[in-house]
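Trainee: The sequence isn't on hand, but the structure is:
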């Protein structure tokens, strides 16, 4: 068996371009102790100021990790799962962990009332994040709408950005987008009001504009606040089962939500774009084009933790020993198990909401 | 002596144009009981929904009057004086009165810290507004930065306005301006969260964009809030003593701040643009061009309450009986008395801040 490194493949051309275009660092898993699956397999592929965070971990210096929940629908997705996994990684490595409920953003960008947002967050999103691996005992939660400090930082941030800069970063600049963006700046910097320390924001690469904007604001408020600029850790999108760059509700056949009926999920996996050959004979002879196989991508990114197990599947599939139907069967079983596990944990988390630590404001 | 109506002059061409261009109502003092000096003399010249407010006064229905204080410098001006006088008029005629401290706006548009804004407001601006005539016992105060309801309304309002609409109303659309404007929308509508009722906002005509924006937001949130659109009552600018449309810090020779040393104020009045003739002989023969006289404008807009007294001065000056030096002497005396009175009342108000009613938030 050849030496195989299924997660060592070069970056997808688009991701490579992004790293260069936006002046990102290539993520270096070797700088971090016990890198998790996403870090080892280059799903996490880019960063800003990663050494600052790696240094905090190594020297046990205080730092924080933060993400937000946008309570707009009663679903989360594999992108959220990756954020939680990264957050958990940092939480397990000494980070003070913050989760904010972006109810002001939901109000201004989606017209969701604060009451609806609050209900959804408590009924579903917070339990879902706990089900995905977050330790509720080590996490601090808050609602944007209750956090005056965040709002105050947002108003201050707005003074530091011109409309043209905003357009350059975001493409558009509708008032609600501006409000949402400066509020994110407030969220990202908020923990440093209490304790000046580096912070890391794990996000999908499409969220980098918020990190850049925040870093700009930090540079422009040096004399008043002297914040650390936030570090960013960026992951790739989970590709659509239909072959697109990103799972999305607009392509339901390629999209699996959390939660989802495992039978529906398996149906989608069976129809997923595969790297298998046209005939059984060709498959046995040439082996699969594993890099094109969306079911394998799911296994690699989300469903198989153990590197050796994934390695073996890769080798067998690549060599022609394993057929597409067999690979999809594995993906379906793992997905079913994951979705059932998620539902169970979700129910359990719902029953223990009273143990959460919310920041309360006066 | 001819029948003279010094405040019955036609609107200045610019003001007439504004009324037509922006679809304003010509203000009708006869619709209001006991109109004050500004209303009688057409300094208040335009309105939106004035009948709604006049109706509340007549039928003793609940309504509110509201204005904001922008604590950016330790000065107020004659424009603020007019706002307070209008507010007092409505307060005396049944309005629930609100004064907000626009500390979030000061932060986002001028970079003033919330702490500085709060200190200035308490040390100077609130006492100054009381010195200018507001009854502190009948007024409710709040700081924007403490009023979550206002902030929530602001975020909601941002969702209802596009960038292009914003540009059309304001000319520019920098992020900080957008934040300030939607926060004003929140302020203007805030009292209706507790009690749905008409409200009136007395402002200089340059502030109409905020009223228009708020009325647009009201129209677009009909199904969720069903607010009354705010009524606007607009006053003219106090002209610069040097002859410009508006007193302004950028023309210090024509500008009198509150407070100001009466000696300095008198010096400015002596140098003010006058309607007097070139020679004593001409003045006696032709009489003054009163409409061009900035000292007379001060008497009319701010310094002489009694119509008969003003009437007599107008007649004597117009007929040539009164000389420019005599008119300026009157203006100087009245101004000195007003400024001294203001300083005394300011000191007194400062000592009674504990009697104010601030809205407290939890």
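Mentor: Done, it's in. If you're wondering where the values come from, they're calculated on a predicted model, not measured in any experiment.
Trainee: Identify the residues contacting residue A:58.
Mentor: residue A:33 (CB atoms under 8 Å, 6 or more residues apart in numbering or on different chains). Bear in mind the C-beta positions are built from the backbone N, C-alpha and C, glycine included.
Trainee: Distance-wise, check it relative to chain B.
Mentor: 37 Å (CB to the nearest CB, to the nearest Å).
Trainee: And the most centrally placed residue in chain A, how far from chain B?
Mentor: Closest residue to the average C-alpha location of chain A: residue A:83 at 2.8 Å, with CA atoms, centre = their mean. Distance, residue A:83 to chain B, using CB to the nearest CB: 24 Å.
Trainee: Tell me which residues touch residue A:158, please.
Mentor: For residue A:158, the contacting residues are A:178, A:182, B:108, B:175, B:176, B:178, B:179, by CB under 8 Å, 6+ apart.
Trainee: got a winner among those residues for most neighbours?
Mentor: residue A:182 (31 neighbours; other CB atoms under 10 Å in any protein chain shown).
Trainee: Shouldn't that residue be within a strand?
Mentor: No - using DSSP: H, G, I helix; E, B strand; the rest coil, the assignment for residue A:182 is helix, not a strand.
Trainee: Select from the contacts of residue A:158 every entry located in helices.
Mentor: Residues of the contacts of residue A:158 located in helices (DSSP state H): A:178, A:182, B:108, B:175, B:176, B:178, B:179.
Trainee: distance of residue A:256 from chain B?
Mentor: Taking CB to the nearest CB as the measure, residue A:256 falls 30 Å from chain B.
Trainee: Does that residue touch residue A:268 like I think?
Mentor: Yes - applying CB atoms under 8 Å, one finds residue A:256 in contact with residue A:268, separated by 6.1 Å.
Trainee: So which of the two has more stuff around it?
Mentor: Using other CB under 10 Å as the criterion, residue A:256 and residue A:268 rank with residue A:256 on top: 25 against 21.
Trainee: Does that one belong to a helix, a strand or coil?
Mentor: Strictly by three-state DSSP, residue A:256 counts as coil.
Trainee: mind listing what the spatially closest residue to it that is not a sequence neighbour touches?
Mentor: Closest residue in space to residue A:256, ignoring its immediate chain neighbours: residue A:265 at 4.9 Å, by CB to CB, 6 or more residues apart in numbering or on different chains. Applying CB under 8 Å, 6+ apart, one finds that residue A:265 lies in contact with A:256, A:332, A:335, A:336, A:339.
Trainee: just residue A:34 next, same as before
Mentor: Contacts of residue A:34 (CB under 8 Å, 6+ apart): residue A:93.
Trainee: Also residue A:322?
Mentor: Applying CB under 8 Å, 6+ apart, one finds that residue A:322 lies in contact with A:288, A:313, A:316.
Trainee: So which of these belong to helices?
Mentor: A:313, A:316.
Trainee: and which of the contacts of residue A:322 is nearest residue B:152?
Mentor: residue A:313 (51.0 Å; CB to CB).
Trainee: what does the stretch 51-200 of chain A put close to chain B?
Mentor: Where the stretch 51-200 of chain A comes near chain B, counting by CB under 8 Å from any CB of the partner chain, the residues are A:104, A:107-111, A:113-114, A:145-146, A:148, A:151-152, A:154-156, A:158-159, A:161-163, A:166, A:172-176, A:178-179, A:182-183.
Trainee: Can you select the buried ones among the residues you listed for me in ChimeraX?
Mentor: Selecting only the buried entries of those in ChimeraX, with 16 or more other CB atoms under 10 Å in any protein chain shown as the criterion:
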select /A:104,107,108,109,114,145,146,148,151,152,154,155,156,158,159,161,163,166,173,174,175,176,178,179,182,183
